[in-house]
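Undergrad: A structural model of the following input is requested.
(one chain, ligands or ions: 1)
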Amino acid sequence: MTVTPSNFSIQQTIPGTRRSNTSVIGVLRFSFGTMGSGKSTQALQIHHNLTHGGLNGALCSMLDRKGARVSSRLGVSAEAVVIDPEVDIREIARNGGEVLDYLVCDEVQFYSPTQIEQLAEIVDELRLDVFAFGLLTDFRGRLFEGTARLLELADVAEAIQCEARCWCGDRATHNARVVDGVQVYDGELMVVDDPAQAPDVRYELRCRKHWTAGQGRPDIVLD
Ligand SMILES: [Zn+2]
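TA: As a prediction, the model looks like this:
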C-alpha cells in the first residue's frame, strides 16, 4: 500500500503554528527550590528545548538589576518578558491573536495572586503549558503570596532535585536574610540591594535547624 499525503496521519509540529490540534490539555507545573537550586537554569533549559522543538513560547520574569533577562548562575541568560504587578499575563499568552504554546515563568513567588490565577486560566482556557519556577518561603520562613496561590492551583508541584546545601552539608530548605552579619526574621519583604547603602544585607542558604537557630558558618579557629 502506498502512503499518500491524504492518509498520512502522523502529525508534525510546524514551527510557528499552534500545537493545540495535537495537545488536548495544558498543565500548570510549579517547580520550587531555594536560591541556588538551579531554578533559572531549568527555566532557561525548558525554554530552549521547546523553542528548538518548534514551539512558540515566552520566557517571563521579574525586572532585576540585570534588566529583562533570566540569568543562570552557570552563566547562561536569555531575554525575558517583564512581569510587573500591572501586567495581565493572559495578554502575553494570547500574543495578539497568535496564541502561544507555552509560558516559562521564573521568580513566580513575586507574581500577585491574581497573576497566578491568570496562569491557571491560561492553562484551562488557552491550553498552554505553563512551567513556573520560584521560591517556597521568604526569609521569615513564610510562603510567598504568589507561591501560596500557586500551590493551591498547580496541577503539579515538585521540588527541584538539584538541591542546594547548608554550610553544615544538610539540605538547604530556607533562605536566611543576614543583616550586618546577623540573621533577621522580620522586616520588609523586598529590600533593595544597594551596595552603597548600609546596612549590609545578604541571603544565605540554611537547613531548617540552622535557619531556626540563626546560625551561620562558624569561624574557623586555627590552633
Ligand atoms: Zn545546617
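Undergrad: Not counting stretch 91-107 itself, show me its contacts.
TA: In this structure, residues lying in contact with stretch 91-107 by CB atoms under 8 Å, 6 or more residues apart in numbering are 18-20, 39-40, 43, 46-47, 50, 55-62, 70, 80-81, 83, 89, 111, 119, 122, 126, 128-134. The way it works is simple: take the backbone N, C-alpha and C, and place the C-beta from them, glycine included.
Undergrad: Which of those residues fall within strands?
TA: Here DSSP state E is the test, and the contacts of stretch 91-107 give 57-61, 70, 81, 129-134 as lying in strands.
Undergrad: OK, contacts around Ile116?
TA: Counting by CB under 8 Å, 6+ apart, Ile116 has contacts Val108, Gly146, Arg149, Leu150, Leu153.
Undergrad: Could you export those as JSON lines, including distance to the ion, secondary structure and pLDDT?
TA: As requested, those are exported to JSON lines (distance: CB to the ion, whole Å; DSSP: H, G, I helix; E, B strand; the rest coil; pLDDT from 0 to 100):
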{"residue": "Val108", "distance to the ion": "26", "secondary structure": "helix", "pLDDT": "96"}
{"residue": "Gly146", "distance to the ion": "27", "secondary structure": "helix", "pLDDT": "96"}
{"residue": "Arg149", "distance to the ion": "30", "secondary structure": "helix", "pLDDT": "98"}
{"residue": "Leu150", "distance to the ion": "27", "secondary structure": "helix", "pLDDT": "97"}
{"residue": "Leu153", "distance to the ion": "32", "secondary structure": "helix", "pLDDT": "97"}
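Undergrad: Wait, Ala58 touches Val81, no?
TA: Yes. Taking contact to mean CB atoms under 8 Å, the distance of 5.2 Å between Ala58 and Val81 places them in contact.
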